[in-house]
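**Q** when you get a sec, could you give me coordinates for this:
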Amino acid sequence: MARKQKLLSQSIGHLRVIEQEAVKIAKTYLKQNHDYSLIAKRISFMNANYITAKDNDIHAMALYELKERANIIDKIKKHDLTSGLIIEYRFIKSCSVNRTLEQLQQQGMKISERTLQRKQHEALLLVYSLIPDKDTKLIK
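**A** Got it, this is the predicted structure:
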């Protein structure tokens, strides 16, 4: 019996590690939105005479990545509006926890900080499950 409990606790511990890694990957994925936004804006400041085909490809890829993240957030909002807004405020708009709570309260959603943390964690796991495979290619 003790052996089964030990195996069970090891399995639960392993799942927590996997879950933590998934949350970390989802956070990184969402935070890349800022980088792609800068890349997408860069071409609009370039002189038209100096824009190359590679620049156009990079611009198209950045727009695709931005749209991909927006679609994921929209899916989360359809699943749970509060969680979707938390992800948007925290990782796309880079708001602090307190600022996010204020924004939610302005929209009539009064939640505690602990609830925000729980919903954020659940939403990040959902984001992780929605991240497309690296094999997904942009088709023109």
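
**Q** quick one, what contacts residue 103?
**A** Counting by C-beta atoms under 8 Å, 6 or more residues apart in numbering, residue 103 makes contact with 85, 89, 95. For glycine as for every other residue, the C-beta is placed from the backbone atoms N, C-alpha and C.

**Q** point out where the protein drops to low pLDDT.
**A** Across the chain, the ranges flagged by pLDDT under 70 are 1-17, 46, 48, 135-140.

**Q** and the residue nearest the centre of the chain, what is it in contact with?
**A** When C-alpha atoms, centre = their mean is applied to the chain, the residue found nearest the centroid is residue 30 (3.2 Å). Counting by C-beta under 8 Å, 6+ apart, residue 30 makes contact with 69, 87, 91-92, 127.

**Q** ok, residue 133 next?
**A** If a contact means C-beta under 8 Å, 6+ apart, then residue 133 has no contacts.

**Q** again with residue 121
**A** By C-beta under 8 Å, 6+ apart, the contact set of residue 121 is residue 23.

**Q** assign it to helix, strand or coil.
**A** Using DSSP: H, G, I helix; E, B strand; the rest coil, the structure places residue 121 in helix.

**Q** so that it lines up with my notes, have the first residue be 46 from now on.
**A** Got it, the first residue is 46 from now on, which makes the last one we talked about residue 166.

**Q** quick one: it and residue 105, what's the gap?
**A** Taking C-beta to C-beta, to the nearest Å as the measure, residue 166 falls 34 Å from residue 105.

**Q** for residue 81, same thing?
**A** Residue 81 is 11 Å from residue 105, by C-beta to C-beta.

**Q** which one of those two has more residues nearby?
**A** Per other C-beta atoms under 10 Å, whichever of residue 81 and residue 105 has more neighbours is residue 81, with 18 against 14.
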